[in-house]
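Student: 3D model of this:
(2 chains)
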Amino acid sequence: MKTLAIKSRTLHKWLMRFIGIQMLIWAVTGLYMVSLDIHFIHGETLSDEKHTAFPLNDATYPIASLLERYPTATDIVLYKRLNTLAYRFKLANSKQWTVIEATKGGVLGLLTQSEAAEIALHAATTSGTIASTKLIDLPQATPAELSPRWLPVWQIKFDDLAGTTFYIQQATGQIVTRRHTYWRAFDWMWRLHIMDYDDGENVASPLLTLLTILATLAIISGIILLISRLIPARKIAVNKGGVHD
Amino acid sequence: MINRVVLSGWHKWLSLFVGIQLLIWVGTGIYFNQMDAQAASGNMYRKTVSHRGNTPTSDFMPLEKLALNEPVVSAALIWVSGTPLYLVKTENPLHNYSAQQHTLFHAVSGLPWYIQPDDVQRIAQRSYTGPGQASEAVLTLPPFDFDGRQENLLWKVSFDDEVHTDVYLHAETGAVIAHSNDDSRLKHLMLTLHFMDYANTGGFNHALIVIFAIATLTLAGSGVLLAYRRNPNRAVRRKRETDVRVIHTGGCETLSLPANQPLLFALTQAGLSVSTECGGGGTCGQCVVQTDNTVAVSDVDRYHLTEDELQQGKRLSCQHVSSEFTSVTLK
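Tutor: Model (predicted):
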């Protein structure tokens, strides 16, 4: 027991000198991630789209006419885009949405900057005002916090403390992504937690493998030390002629 | 300044509290690091199902004619096993797993439409490429083993294959929500353990894990502090080896010991026995040696030894490096 304790102490000390900082990082990032509500992190409290309800009988342009005009239309949805009742749908060989108004069938163009700002202000729960609006339409210009599949989008930044940012799809007018400082911090916590520092998408890195194996050894040696301290070997030591008198 | 012994006490009791969970965290961490993500998805035998039928679209009833008076948030044209339907939502929860409020109408007749168990079983079979036979579709209440967040009723169709595939389908539309099999159940178990989600909330925002996370942070913090503060005095850093006269029960000898290593470890490596429980952590107070009283008294010595013992030259051998000693007596 005595030599085991000394060996465990040495192993625990040396391993922790190498990985102790990562253990601390796991603890800090883990605590951040579990203690902040994930729905809050996802920005669900940043917007409230209660203004989007409408009576069905306003939709005077029939779906049958839509399909006659656009026979390949799929994913047809009737919804309210800003103040206009509209159909959005996808056409064969196109990843982009087509949007037409649901009363007369006229094609609705892409959102203008002021329309996007209006949608953002309608939905925002923040008391901040809009700090900047920017059109993002190139994959290489997409910020890391937005998936390129939503492009083209309007980026609406508010000047509040939380750095609220909405991404509004230019064709459909839908708020597809909501971000704030707490999400951005969470994203970094996640990267630090899984030790993938470039995009946070790879949990299978060899670095993490190495660290988790070393951590296992360090924790087991720590548990051995704990046991040797909780179950005193005093009597054994006396029998062997221990120093305590 | 927190005393080293106090810090060490905290380290001990916190590790007693979270030690096993630390092993679980790192063990499940290794699983996530090593797992085959494709297999763990549960989609071994899954394929997408096409529902589009060939009902003439000119027969579709206009949405405005549907018998629904309350305001809606969206109305979509969907196909279920070749049948065109209007899916009308009166609420739009942000997640598919949240409780849904919607109604289905036949797109031609405009009448409310309800899925039949046979349709559900057929859709499940069409989403499945494996060798198993399908069970009857059973409408099942949450909670579900594949996702604790799911709040909706789901159909369940089980297949008697080697990985025990279960197919879960949307209660109203029959849309395939998930395939679950032994591999995905293992992943779910690992997530449950990693998130301490024993109540199957499907998430990690609950009091139990927050308490453990705070304790773990305190444990790790105390460990880092100890790593920097437990090091004994290192008076002579340049010397690599130092000669120490050691008197023990077997006689007396002069040993050449590593100068910067705590005496306890140096003696143990030299094959001499010194009593200890904690293995050199400065917490058990057992590794006492008799010195010629030129060795400076440390905080930890003072904690474990009486003033008389210190006066007599007794010190803890784990708290001083070899180069601090010229002569030492072991009992």
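
Student: domain parsing for the chain?
Tutor: Because you didn't say which chain, this covers chain A. Per automatic domain parsing, the domain ranges recorded for chain A read A:2-38+A:185-233, A:44-179.

Student: try chain B instead
Tutor: Per automatic domain parsing, the structural domains of chain B span B:4-38+B:195-229, B:44-180, B:241-329.

Student: phi, psi of the residue lying closest to B:Gln101 once chain neighbours are set aside?
Tutor: Leaving aside its sequence neighbours, B:Gln101 sits nearest to B:Glu91 (Cβ to Cβ, 6 or more residues apart in numbering or on different chains; 4.1 Å). For every residue, glycine as well, the C-beta is placed using N, CA and C. The phi/psi pair for B:Glu91 (degrees, to the nearest 10) reads phi -140, psi 160.

Student: so who does B:Glu91 touch?
Tutor: B:73, B:100-102 (Cβ atoms under 8 Å, 6 or more residues apart in numbering or on different chains).

Student: which of these count as buried?
Tutor: For those, a burial check counting by 16 or more other Cβ atoms under 10 Å in any protein chain shown picks out B:73, B:100, B:102.

Student: got the residues you listed as a markdown table, with distance to chain A columns?
Tutor: Formatted as a markdown table, these follow (distance: Cβ to the nearest Cβ, whole Å):
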| residue | distance to chain A |
| --- | --- |
| B:Val73 | 5 |
| B:Gln100 | 15 |
| B:His102 | 12 |
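
Student: and the residues you listed as TSV, adding pLDDT?
Tutor: Formatted as TSV, the buried ones among the contacts of B:Glu91 follow (pLDDT from 0 to 100):
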residue	pLDDT
B:Val73	91
B:Gln100	82
B:His102	86
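
Student: so which of these comes closest to B:Glu307?
Tutor: Checking the buried ones among the contacts of B:Glu91 against B:Glu307 by Cβ to Cβ gives B:Gln100 as the nearest, at 74.9 Å.

Student: which stretch of helix or strand covers the residue nearest to that closest one when sequence neighbours are not counted?
Tutor: Counting by Cβ to Cβ, 6+ apart, B:Gln100 lies nearest to B:Asn152, which is 5.9 Å off, once chain neighbours are set aside. Using DSSP states H and E, B:Asn152 sits in no helix or strand.

Student: who touches B:Asn152 in this structure?
Tutor: By Cβ under 8 Å, 6+ apart, the contact list for B:Asn152 reads B:97, B:99-100, B:142, B:170-171.

Student: Can you tell me, leaving aside adjacent residues, what's nearest to the residue sitting nearest the centre point of chain B?
Tutor: Residue closest to the mean C-alpha point of chain B, counted by Cα atoms, centre = their mean, is B:His194 at 2.2 Å. Nearest non-adjacent residue to B:His194, counting by Cβ to Cβ, 6+ apart: B:Thr28, 4.2 Å away.

Student: name the element the one you found belongs to?
Tutor: helix B:4-34.

Student: just to revisit the earlier point, do you know the pLDDT at the residue nearest to B:His194?
Tutor: On pLDDT, B:Thr28 comes in at 97.

Student: right, and it touches B:Met190 too?
Tutor: Yes. Between B:Thr28 and B:Met190 a contact is recorded at 4.6 Å, counting by Cβ atoms under 8 Å.

Student: where in the stretch 151-300 of chain B is pLDDT low?
Tutor: Within the stretch 151-300 of chain B, the segments meeting pLDDT under 70 span B:229-239.

Student: What strand or helix carries residue 114?
Tutor: Went with chain A since none was named. helix A:113-123.

Student: in stretch B:45-55, what counts as buried?
Tutor: For stretch B:45-55, the neighbour count (16+ other Cβ under 10 Å) marks B:45-46, B:49, B:51 as buried.

Student: again with stretch B:290-301
Tutor: For stretch B:290-301, by 16+ other Cβ under 10 Å, it's B:290-291, B:295, B:297-298, B:300-301.

Student: Mind telling me the two of the residues you listed farthest from one another?
Tutor: Using Cβ to Cβ, the buried residues of stretch B:290-301 span at most 17.1 Å, a distance reached by B:Gln290 and B:Val300.

Student: Name the nearest residue to B:Glu172, ignoring sequence neighbours.
Tutor: Nearest residue to B:Glu172, sequence neighbours excluded (Cβ to Cβ, 6+ apart): B:Leu104, at 5.7 Å.

Student: Tell me the spacing between the one you found and chain A.
Tutor: According to Cβ to the nearest Cβ, to the nearest Å, B:Leu104 and chain A sit 14 Å apart.

Student: give me the number of residues near that residue?
Tutor: By the criterion of other Cβ atoms under 10 Å in any protein chain shown, B:Leu104 has 19 neighbours.

Student: That one against B:Lys89, yeah?
Tutor: No. If you go by Cβ under 8 Å, B:Leu104 and B:Lys89 don't touch, sitting 10.6 Å apart.

Student: Who does the residue nearest to B:Glu172 form a beta bridge with?
Tutor: B:Leu87 (DSSP bridges).

Student: how near is it to A:Leu210?
Tutor: 53 Å (Cβ to Cβ, to the nearest Å).

Student: okay, and the helix or strand of chain A with the least pLDDT?
Tutor: Every helix and strand in chain A was compared by mean pLDDT, DSSP states H and E; the lowest is helix A:234-239, with a mean of 45.

Student: Please enumerate the strands of chain A.
Tutor: Secondary structure of chain A (DSSP state E): strands at A:74-81, A:84-90, A:97-101, A:130-136, A:153-158, A:165-169, A:175-179.

Student: how many neighbours does residue 218 have?
Tutor: Defaulting to chain A. Neighbour number of A:Ala218 under other Cβ under 10 Å is 26.

Student: not what I meant, chain B
Tutor: For B:Thr218, the count of nearby residues is 16 (other Cβ under 10 Å).
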